[in-house]
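Colleague: The sequence and its predicted three-dimensional model are supplied below.
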Amino acid sequence: MTSAPLFLALRYLRPTRSFISVITVISMLGVMLGVGVLVFVMSVFSGWQREFRQMLIGFEPHAMVQPISTHEGEPDGPKPVDWRELQKTLAQRPEVVSAVPVAEGVVVVENTGNLQGVSVIGMTDEKDNALLQKLTKHIKEGKFDLQGDTIIISDKFAKEIGAKVGDTLVVHAADSVNQFIRQVREIPEDAEEKKRSEALDNVTVLSKDLTLVATLRADTAGPRGYVPLHVAQEFFNLDSNVSGIELELKDPDNVERVMKKIYQSGALPESWGYRTWIQEHGMMLESVENQRTMMWFLLLFIMLVAAICVMNTTITVTVKKRREIGILTALGTRAWQIIAIFVSQAGIVALVGVVAGLASGFFVLGIRNWLREQIAGFTGRDIFPQDIYFLSSIPAHTDPGDLLTICATAVALCLMAALVPSWFAARVDPAVALRDGG
């Protein structure tokens with residue numbers, strides 16, 4: 001009798017031209033849909049999270065140490081820190097690949113009358129500059145040259161201002177532009193034309209002509225621009241100082257732990273702090289994880305609907321097979337064996353649905369970018385815009401743990417859904433079942 005429940009479950013599942021066969025197929029399709037959608041969505045979210053992290057690591061400075069006090073040298077304040085000595089100290093740390101002085105801020109780029117602001121980092125063109133080495137992988141056109149009066153921007157920004165490699169761009173210091181606006185506003189409107197002209201002549205904007213020597217792919221290297229260190233120091237009024245020291249680490253995924261260790265070791269002065277790539281983009285990374293969790297719970301309701309379909313199938317089968325159940329009970333079949341028949345039937349439906357769901361989910365994953373193009377062509381709207389997700393194609397990464405969870409959840413919900421009607425069916429009185437079935 002050990003294989004009897006499974007034998008009967010398979011027999012009840014044989015295709016027949018009946019209502020039971022129809023609702024059984026519907027139950028399988030429900031499980032297939034739930035599993036397929038979960039596999040597709042979770043894989044895309046995992047892929048996006050994974051690719052987004054790798055993209056950030058691929059162009060974002062791993063960590064930046066920078067002064068946090070503006071009162072160095074005062075009697076009660078911290079002593080001035082020579083950033084050159086600090087750079088040497090940090091570069092000798094075993095966790096650090098390279099330590100590069102940088103100057104960062106915002107400039108206004110002008111080309112053929114188009115003015116746009118962009119964040120830039122100024123740094124030196126050195127062979128041991130690991131940040132520069134990883135940025136060169138994102139070059140779309142030109143050469144990453146930070147010698148002389150040059151500038152490098154993203155291809156998207158270049159398109160917005162109508163610039164191409166080799167053009168000379170007029171770059172203004174953002175602070176001097178703001179100061180220019182304030183000074184212009186301070187000139188009385190009722191001033192004489194001569195005095196007004198003289199006042200305007202005294203208003204200056206710090207500008208430089210920089211040659212565009214390369215463009216970077218915006219979808220993989222972000223929107224930031226790059227200029228030589230001496231140019232950035234001039235724009236941001238730093239003289240020979242720097243905004244901070246950029247660190248490239250051997251283990252960027254554990255940047256928080258590594259920087260905390262460096263800070264606690266005393267390698268950083270009291271007047272200096274640090275920020276990491278995770279801190280800079282923590283909100284976005286957390287948002288992706290939250291969306292993934294919320295999507296899991298939302299899609300779980302599809303699985304619940306599929307489980308309810310299985311329950312309805314089990315209820316229908318137990319009602320239709322009431323007379324057979326009465327005969328089996330009268331012949332001495334135990335209650336757990338009756339339950340096992342219908343739970344086995346639900347398990348088979350769940351397993352077939354899971355296998356079909358996995359197949360359909362992986363199939364849709366394989367054509368996801370083609371589907372994206374078709375939907376965009378039909379609706380005129382991109383469902384995965386690069387400006388929002390920073391990726392040119394829909395990524396996907398299937399985690400075996402997620403697959404196991406999805407399949408186990410689907411089977412468990414279907415078995416639990418079949419357990420209740422099966423339990424009631426097993427408690428039927430044989431005489432009553434034979435009389436009603438007759």
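Modeller: Great, that's in hand.
Colleague: in the chain, which helix has the most residues?
Modeller: Taking DSSP state H as the criterion, the chain has its longest helix at helix 19-59.
Colleague: and the gap between Ser98 and Thr150?
Modeller: 21 Å (C-beta to C-beta, to the nearest Å). All C-beta atoms are positioned from the backbone trio N, CA, C, and that covers glycine.
Colleague: element containing the closest residue to Ala346 other than its chain neighbours, please.
Modeller: Nearest residue to Ala346, sequence neighbours excluded (C-beta to C-beta, 6 or more residues apart in numbering): Ala418, at 3.3 Å. For Ala418, the host element (DSSP states H and E) is helix 400-426.
Colleague: Against which helices or strands is that helix packed?
Modeller: Contact here means 3 or more C-beta pairs under 8 Å, 6 or more residues apart in numbering; DSSP states H and E; on that basis helix 400-426 packs against helix 19-59, helix 282-320, helix 322-330, helix 335-366.
Colleague: buried ones in the second one?
Modeller: Across helix 282-320, burial judged by 16 or more other C-beta atoms under 10 Å covers 285, 288, 292, 295-296, 299-300, 302-303, 306-307, 309-318.
Colleague: And the strands in the stretch 1-150 of the chain?
Modeller: For the stretch 1-150 of the chain, the strands defined by DSSP state E, counting those that start in this stretch occupy 63-67, 96-111, 114-123, 139-142, 150-154.
Colleague: Deepest in the core, which of those is it.
Modeller: Mean neighbour count, computed with mean count of other C-beta atoms under 10 Å, is highest for strand 150-154 among the strands of the stretch 1-150 of the chain, reaching a mean of 25.
Colleague: got the domain boundaries for the chain?
Modeller: 4-55+284-437, 63-280 (automatic domain parsing).
Colleague: comparing these, which gets the lowest mean pLDDT score?
Modeller: Ranked by mean pLDDT, the domains of the chain end with domain 4-55+284-437 at the bottom, a mean of 77.
Colleague: residues touching the residue positioned nearest the centre of the chain, list them.
Modeller: The centre of the chain sits closest to Gln49, judged by C-alpha atoms, centre = their mean, with a distance of 3.2 Å. Residues near Gln49 by C-beta atoms under 8 Å, 6 or more residues apart in numbering: 285, 288-289, 292.
Colleague: Over to Gln66?
Modeller: 243-245, 272-275.
Colleague: any idea which of those residues is closest to Val227?
Modeller: Ser243 (12.6 Å; C-beta to C-beta).
Colleague: Tell me how far that closest one lies from Leu415.
Modeller: 61 Å.
Colleague: ok, these two, which is more surrounded?
Modeller: Ser243 (20 against 17; other C-beta atoms under 10 Å).
Colleague: Quick check: that one touching Ser119?
Modeller: No. Counting by C-beta atoms under 8 Å, Ser243 does not reach Ser119; the two are 11.8 Å apart.
Colleague: re earlier: nearest to Pro395, out of the helices and strands packed on helix 400-426?
Modeller: helix 19-59 (3.4 Å).
Colleague: mind listing what Val108 touches?
Modeller: 115-118, 171-174, 177 are the contacts of Val108 under C-beta under 8 Å, 6+ apart.
Colleague: let's see it at 7 Å
Modeller: By C-beta atoms under 7 Å, 6 or more residues apart in numbering, the contact set of Val108 is 115, 117, 172, 174, 177.
Colleague: Make CSV out of those and add distance to Val109.
Modeller: Compiled in CSV, the contacts of Val108 are given as follows (distance: C-beta to C-beta, whole Å):
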residue, distance to Val109
Leu115, 7
Gly117, 8
His172, 8
Ala174, 10
Val177, 11
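Colleague: now, the most widely separated pair of those residues?
Modeller: Across those (C-beta to C-beta), the longest gap, 11.0 Å, separates Leu115 and Ala174.
Colleague: quick one: the nearest residue to Asp399 once chain neighbours are set aside and Phe40, what's the gap?
Modeller: Closest residue in space to Asp399, ignoring its immediate chain neighbours: Ser46 at 5.4 Å, by C-beta to C-beta, 6+ apart. The span separating Ser46 from Phe40 equals 11 Å under the rule C-beta to C-beta.
Colleague: Ok, Glu280 next?
Modeller: 31 Å.
Colleague: do Ile308 as well
Modeller: 22 Å.
Colleague: Dig out what Gly273 forms beta bridges with.
Modeller: Per DSSP bridges, the residues bridged to Gly273 are Gln66.
Colleague: Make sure it is actually in contact with Ile68.
Modeller: Yes. Between Gly273 and Ile68 there is a contact under C-beta atoms under 7 Å: 4.3 Å.
Colleague: who's more crowded, the two?
Modeller: Under the criterion of other C-beta under 10 Å, the comparison of Gly273 against Ile68 puts Gly273 first, with 16 against 12.
Colleague: quick one, which of the helices and strands packed on helix 400-426 is nearest to Leu135?
Modeller: helix 19-59 (6.1 Å).
Colleague: relative to helix 282-320, how tilted is the closest one?
Modeller: 170 degrees (axes from the mean of the first three to the mean of the last three C-alpha atoms, to 10 degrees).
Colleague: Report all helices and strands that the host helix or strand of Val231 contacts.
Modeller: Here Val231 sits within helix 229-235, counting by DSSP H and E. Applying 3 or more C-beta pairs under 7 Å, 6 or more residues apart in numbering; DSSP states H and E, we find helix 229-235 packed against strand 96-111, strand 114-123.
Colleague: Could you dump those strands into a markdown table with distance to Lys156 added?
Modeller: Shown next, in a markdown table, are those (distance: least, C-beta to C-beta, whole Å):
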| stretch | distance to Lys156 |
| --- | --- |
| strand 96-111 | 13 |
| strand 114-123 | 11 |
